[in-house]
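**Student:** Sequence plus predicted model, see below.
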Amino acid sequence: MDSIKNYISEHKDRFLNELIDLLKMPSVSADTAYSQDVIETANAVKEALEKAGCDITEICETDGYPIIYGEKIINEKLPTVLVYGHYDVQPADPINLWASPPFEPVIKKTELHPEGAIFARGACDDKGQMYMHVKALEYMVKTDNLPCNVKFMIEGEEEVGSNNLGIFVANNKEKLANDIILISDTGMIANDVPSITTGLRGLSYVEVEVTGPNRDLHSGLYGGAVANPINVLTKMIASLHDENNHITIPGFYDKVEELSTEERDEMGKAPFNLENYQKALDIDAVYGEEGYTTNERNSIRPTLDVNGIWGGYTGEGAKTVIASKAYAKISMRLVPNQDWQEITDLFKTHFESIAPKGVTVEVKPHHGGQGYVTPINTLGYQAASKAYETTFGKKPIPQRSGGSIPIVSLFEKELNSKTILMGFGLDSDAIHSPNEHFGVWNYLKGIETIPYFYKYFTEMTNK
């Protein structure tokens with residue numbers, strides 16, 4: 001294993017160029033205009049797994065985009081690690097806010113990334129982090145340092161809800177059988193403060209539609225006499241939080257886990273500078289639920305946010321109309337014990353009940369998933385902790401994340417496996433936003449650290 005730094009140094013340029021080629025492929029699963037690009041990206045991932053050393057690779061068709069499967073089985077008696085990742089990416093909009101084209105990757109130095117960062121859609125979420133595992137496998141195979149079996153499952157629909165993944169997993173339990181699942185689709189506190197994500201929030205995503213008159217109306221002739229769907233929608237949305245930013249949906253908090261003072265105190269030990277946080281976002285104050293810190297609000301508390309809102313005339317100039325319809329997309333991040341389908345039903349019942357006369361309301365559920373907490377006393381967590389300690393020189397901090405990876409709870413249910421979340425991105429990497437990037441140092445550090453997880457997990461399992 002001492003050779004890993006030399007191997008990375010020797011192949012650094014190739015590792016970067018291969019990732020850049022992958023990032024040039026606009027695999028936007030949410031937009032059918034990119035369907036062919038998504039398919040081509042799937043083929044590229046399969047080819048990369050073959051070159052890295054997988055003995056078997058498959059393009060597994062689904063009702064949506066394909067899932068790429070690969071495996072390297074060296075001994076059936078040894079433990080098996082299943083690596084999950086995704087090759088699809090978020091839409092790049094708004095394009096005009098990107099400093100460079102989202103699918104023309106460039107490496108630029110920044111204050112946080114003096115060695116440079118790769119700017120491109122998908123750089124951190126999740127192509128860069130997924131590809132770390134491919135290159136880690138390459139190192140272990142080429143240098144005869146693979147200590148156990150490995151399987152890969154890389155999907156193309158994570159950014160649109162992984163609708164077909166559950167069916168695939170349920171139908172392929174034997175193929176996917178493993179001792180531990182490894183995912184890098186999260187982040188860490190800082191480059192000098194490694195951390196392992198031990199909790200994820202669940203998700204409920206809905207779209208709402210408010211309909212008033214049967215057509216757009218002249219705002220002079222009808223204004224003040226007919227309900228304006230846009231006005232109504234904004235009032236309804238505003239009512240979903242009270243003056244303390246507490247969500248007002250009846251029953252919403254019934255199953256929310258309240259952490260003990262001791263647990264909250266442990267969370268508070270993670271380095272956090274409020275002034276730097278505000279400066280990085282160019283805001284003069286934070287905002288959120290009363291009685292909780294910023295780090296608690298974005299990790300252990302549920303939220304409700306409007307992700308998009310539209311209706312009426314939004315083109316250049318003026319058009320004086322009362323729109324017939326208004327729309328919004330709303331996401332709710334949930335904490336463990338909150339069932340996403342139950343929360344979706346509570347939202348639908350409440351939102352429809354608060355609609356005034358003169359409009360009709362339709363709530364369309366999109367997708368969701370359960371929250372997840374992984375215990376820190378498992379062999380998988382201990383192996384990951386030791387791997388970080390080896391390459392970073394310090395023990396990682398266990399940290400709950402505000403993000404959601406709904407399939408993690410699915411994996412435990414269907415495959416009876418725990419998941420270890422080894423993320424190497426930073427909060428500042430702008431995932432889902434313009435100018436998404438991933439540090440060159442972080443990318444290479446992930447490739448260096450992952451093989452140690454295999455080493456320590458195999459040693460601990462075989463004791």
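**Tutor:** Done, it's in.

**Student:** How many residues are close by Glu158?
**Tutor:** When neighbours are defined as other Cβ atoms under 10 Å, Glu158 has 24 of them. Where you see a C-beta, it was placed from the backbone N, CA and C, and this is true even at glycine.

**Student:** The nearest residue in space to it that is not next to it in sequence: neighbour count?
**Tutor:** The shortest distance from Glu158 to any non-neighbouring residue, by Cβ to Cβ, 6 or more residues apart in numbering, is to His86 (3.5 Å). His86: 30 surrounding residues under other Cβ under 10 Å.

**Student:** which residues does Ser27 contact?
**Tutor:** Tyr34, Asp37, Val38, Glu40, Thr41, Ala42, Tyr87, Asp88, Val89, Gly122, Gly156 (Cβ atoms under 8 Å, 6 or more residues apart in numbering).

**Student:** Those in strands, which ones?
**Tutor:** Using DSSP state E, no member of the contacts of Ser27 falls in strands.

**Student:** From those, pick the one nearest Leu274.
**Tutor:** Gly122 (30.4 Å; Cβ to Cβ).

**Student:** Tell me how many other residues surround the closest one.
**Tutor:** 34.

**Student:** Show the contacting residues for the residue nearest to it when sequence neighbours are not counted.
**Tutor:** For Gly122, ignoring the flanking residues on the chain, the nearest one in space by Cβ to Cβ, 6+ apart is Val89 at 3.7 Å. Going by Cβ under 8 Å, 6+ apart, Val89 touches Pro26, Ser27, Val28, Ser29, Arg121, Gly122, Asp125, Asp126, Lys127, Glu159.

**Student:** Kindly state the beta-bridge partners for Val89.
**Tutor:** Under the criterion DSSP bridges, Val89 forms beta bridges with Val28.

**Student:** could you measure it against Met132, distance?
**Tutor:** 16 Å (Cβ to Cβ, to the nearest Å).

**Student:** Assess the claim that Leu444 and Lys12 are in contact.
**Tutor:** Yes - applying Cβ atoms under 8 Å, one finds Leu444 in contact with Lys12, separated by 6.7 Å.

**Student:** rewinding a little: state the pLDDT value of the residue nearest to Gly122.
**Tutor:** pLDDT recorded at Val89 is 98.

**Student:** gap between it and Val160?
**Tutor:** 11 Å.

**Student:** now Glu258
**Tutor:** 33 Å.

**Student:** Look at the two and report which has more neighbours.
**Tutor:** The neighbour comparison of Glu258 against Val160 (other Cβ under 10 Å) goes to Val160, with 18 against 10.

**Student:** where's the more buried one relative to Asn171, distance?
**Tutor:** 20 Å.

**Student:** mind giving me the domain split of this structure?
**Tutor:** 4-200+371-461, 202-256+302-369 (automatic domain parsing).

**Student:** next one: the first one to chain centre, how far?
**Tutor:** Put simply, domain 4-200+371-461 sits 11 Å off its chain's centre (Cα atoms, centre = their mean, to the nearest Å).

**Student:** Just the terminal-to-terminal distance for that domain.
**Tutor:** 23 Å (Cα to Cα, to the nearest Å).

**Student:** the helices in the stretch 151-300 of the chain, which residues?
**Tutor:** 165-171, 219-222, 229-238, 261-267, 274-281, 294-297 (DSSP state H, counting those that start in this stretch).

**Student:** Ok, which of the ones you listed comes nearest Phe351?
**Tutor:** helix 229-238 (6.7 Å).

**Student:** residues in contact with that closest one?
**Tutor:** Counting contacts by Cβ under 8 Å, 6+ apart, the residues outside helix 229-238 that touch it are 208, 210-212, 306, 309, 311-312, 322-328, 330, 351, 354-356, 358-359, 361.

**Student:** other SSEs contacting whichever helix in the chain runs longest?
**Tutor:** Taking DSSP state H as the criterion, the chain has its longest helix at helix 440-461. On a contact count with 3 or more Cβ pairs under 8 Å, 6 or more residues apart in numbering; DSSP states H and E, helix 440-461 meets helix 4-23, strand 80-86, strand 117-119, helix 127-142, strand 180-183, helix 379-392.

**Student:** swap the cut-off to 7 Å and go again
**Tutor:** helix 4-23, helix 127-142, helix 379-392 (3 or more Cβ pairs under 7 Å, 6 or more residues apart in numbering; DSSP states H and E).

**Student:** Please identify the deepest-packed of these.
**Tutor:** Mean neighbour count, computed with mean count of other Cβ atoms under 10 Å, is highest for helix 127-142 among the helices and strands packed on helix 440-461, reaching a mean of 24.

**Student:** between it and helix 440-461, how many degrees?
**Tutor:** Interaxial angle, helix 127-142 versus helix 440-461 (axes from the mean of the first three to the mean of the last three Cα atoms, to 10 degrees): 50 degrees.

**Student:** Tell me what angle helix 127-142 forms with helix 4-23.
**Tutor:** On the basis of the same axes, to 10 degrees, helix 127-142 is oriented at 140 degrees to helix 4-23.

**Student:** what about dumping the CA coordinates of helix 127-142 to CSV?
**Tutor:** Extracted in CSV, the C-alpha atoms of helix 127-142 (Å, rounded to 0.1, in the frame of the first residue of the first chain):
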residue,chain,number,x,y,z
LYS,A,127,-19.0,11.9,-11.5
GLY,A,128,-15.8,13.1,-9.7
GLN,A,129,-16.5,11.2,-6.5
MET,A,130,-17.8,8.1,-8.4
TYR,A,131,-14.7,8.0,-10.6
MET,A,132,-12.4,8.0,-7.5
HIS,A,133,-13.6,4.5,-6.9
VAL,A,134,-12.9,3.4,-10.4
LYS,A,135,-9.4,4.7,-10.2
ALA,A,136,-8.9,3.2,-6.7
LEU,A,137,-9.9,-0.1,-8.2
GLU,A,138,-7.4,0.4,-11.0
TYR,A,139,-4.6,1.0,-8.5
MET,A,140,-5.5,-2.1,-6.4
VAL,A,141,-5.7,-4.4,-9.4
LYS,A,142,-2.7,-3.1,-11.3
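
**Student:** Mind checking the pLDDT average for it?
**Tutor:** For helix 127-142, the mean confidence score works out to 98.
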